[in-house]
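> pasting the sequence and the predicted coordinates here, then a few questions.
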Amino acid sequence: MHPARFITLEGIDGAGKSSHLEFIRQWLQARDISAVFTREPGGTPLGEALRGLLLSVETEASLDTETLLMFAARQEHLDRVIRPALAAGQWVVSDRFTDATFAYQGGGRGVPDSRIAVLEQWVQQGLQPDLTLLFDVAPDVAAARMATHRTLDRFEREQAAFHARVRDAYLARATAPRFAVIDSGRDFDAIRADIASRLQRLVEQA
Ligand SMILES: Nc1ncnc2c1ncn2[C@@H]1O[C@H](COP(=O)(O)OP(=O)(O)O)[C@@H](O)[C@H]1O
Ligand SMILES: Cc1cn([C@H]2C[C@H](O)[C@@H](COP(=O)(O)OP(=O)(O)O)O2)c(=O)[nH]c1=O
């Protein structure tokens, strides 16, 4: 039995997070580690409804409202999915979590970190991911990757300077030991070798 672990995936839009979810799923499965895969904003019926509103290009919201809605979805996600799964011994892999709020609403939009930190404490009560894989890539590379096939949502439509601020905010947070910064400008095999070695380390710590 491996004690439950909480893993989050982060990065600017188009960095390549989602491309590695299946690899992570198979890696854990091969080691008989039961895991729940989820995402933010979302992960619950109410959270997915809030996601629809937050990502819709039709939505207008003040910065504080946007931030509060992210945390409302997160509270629901923690109460109904993340904490119960961890309590049952399952690993949780979440495509984004609170670092995204510090990066997007904080770095990108300018909401002070101190305000976000109040909400973080409110909903998480000290719970933090055990491992955060930060997929890091230059914003122009990410934009080129997305340009080929996506209808852009409310955040993806932001200007290059916004994505540069988001990236910088992520990198500034990545000094905490729980982070692994993955150079996502490389090919899939190189990235997956890094992911596998970080997962292996987590298993060995467990
Ligand atoms: N390392 C990579 N090299 C080349 N293309 C990539 C790489 N990682 C992701 N892509 C491509 O970039 C696009 C965005 O990737 P995705 O995983 O959806 O990003 P994210 O989930 O971070 O927004 C996809 O078309 C994907 O195939
Ligand atoms: C969790 C979270 C996401 N976001 C944004 C980042 C992304 O642009 C968007 C949803 O991200 P994502 O799940 O990466 O979307 P996609 O399915 O297009 O890959 O929400 C925030 O602004 N703050 C947050 O707290």
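Thanks, I have the structure now. Ligands and ions are numbered 1, 2, ... in the order given.
> how many neighbours does L55 have?
Neighbour count for L55, taken as other CB atoms under 10 Å: 15. C-betas here are computed from N, CA, C, even on glycine.
> same question, the one 3 residues further on
Residues lying near E58 (other CB under 10 Å) number 6.
> A helix includes it, no?
No. Counting by DSSP: H, G, I helix; E, B strand; the rest coil, E58 falls outside a helix, being coil.
> for it, what are phi and psi?
Per-residue torsions, E58: phi -80, psi -20 (degrees, to the nearest 10).
> does the helix-or-strand element of the chain with minimal mean pLDDT come close to ligand 2?
Sorting the helices and strands of the chain by mean pLDDT, DSSP states H and E puts helix 139-147 at the bottom, at a mean of 92. No. No part of helix 139-147 sits close enough to ligand 2 to count as contact by CB under 6 Å from any ligand atom; the gap is at least 8.4 Å.
> then that helix to PDB, C-alphas only?
Extracted in PDB, the C-alpha atoms of helix 139-147 (Å, rounded to 0.1, in the frame of the first residue of the first chain):
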ATOM      1  CA  PRO A 139       4.500  31.700 -24.000                       C
ATOM      2  CA  ASP A 140       5.100  32.000 -27.700                       C
ATOM      3  CA  VAL A 141       5.700  28.300 -28.000                       C
ATOM      4  CA  ALA A 142       2.500  27.600 -26.000                       C
ATOM      5  CA  ALA A 143       0.500  30.000 -28.200                       C
ATOM      6  CA  ALA A 144       1.800  28.300 -31.400                       C
ATOM      7  CA  ARG A 145       0.800  24.900 -30.000                       C
ATOM      8  CA  MET A 146      -2.700  26.100 -29.200                       C
ATOM      9  CA  ALA A 147      -3.200  28.100 -32.500                       C
END
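> ok, then the element right after it?
Downstream of helix 139-147, the next assigned helix or strand under DSSP states H and E is helix 160-173.
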